[in-house]
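Visitor: just coords:
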């Protein structure tokens, strides 16, 4: 697969909101509040991110977007992994591993000492990917979010 990782560009935010809404509604039963959260995260990123220390990566193959991963600043020592998504046809080919590694390397290159992320236990493939890359599960808590019962998780990794 000849996939290029590009920076967030025109039309990417709308695509990301649509994909998150569609995939998570279909696969997990999430309501529209999840897409609203993704839209807010992207608006905040576009309005105030520091390109020297934060990056939104979009995976492209040919003229098609395949997924995203974002690295955003929490504080001078900590970056947060956000909006990690692969469309179903791009899964199982090593692209998720590559995108996670690129995001972690970007964070390392910017002097961050650790990364954190928030996810759900139901995202088993992603959680296995995090564990294989050295991330540690630091919190697991049952919640009712996005119209469904979930187990929220926090993970972190030392860079």
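Guide: Here it is on my side, so go on. Everything quoted here is computed from the prediction, not taken from an experiment.
Visitor: In this protein, what residue spans correspond to strands?
Guide: Taking DSSP state E as the criterion, the chain contains strands spanning 4-7, 55-61, 64-73, 78-86, 114-120, 136-145, 148-158.
Visitor: and of these, who's closest to residue 19?
Guide: When the strands of the chain are ranked by distance to residue 19, counting by C-beta to C-beta, first place goes to strand 78-86 at 6.2 Å. Backbone N, C-alpha and C define where each C-beta goes, glycine included.
Visitor: and that closest one, which strands flank it?
Guide: Taking DSSP bridges as the criterion, strand 78-86 sits next to strand 64-73 (antiparallel), strand 114-120 (parallel) in its sheet.
Visitor: Let me know the angle separating the last one from strand 148-158.
Guide: The reference is to strand 114-120. Using axes from the mean of the first three to the mean of the last three C-alpha atoms, to 10 degrees, the direction of strand 114-120 lies 170 degrees away from that of strand 148-158.
Visitor: Quick check: which of the strands paired with strand 78-86 is nearest to residue 146?
Guide: Of all the strands paired with strand 78-86, the one in closest proximity to residue 146, counting by C-beta to C-beta, is strand 114-120 (9.2 Å).
Visitor: which of the residues in that closest one are buried?
Guide: For strand 114-120, the buried set under the neighbour-count rule, 16 or more other C-beta atoms under 10 Å, comprises 115-117, 119-120.
Visitor: Let me know the closest of those to residue 157.
Guide: Proximity of the buried residues of strand 114-120 to residue 157 was ranked by C-beta to C-beta; the top entry is residue 115 with 5.3 Å.
Visitor: Hmm, that closest one is touching residue 136, no?
Guide: No: proximity of residue 115 to residue 136 does not meet the contact threshold set by C-beta atoms under 8 Å, at 11.0 Å.
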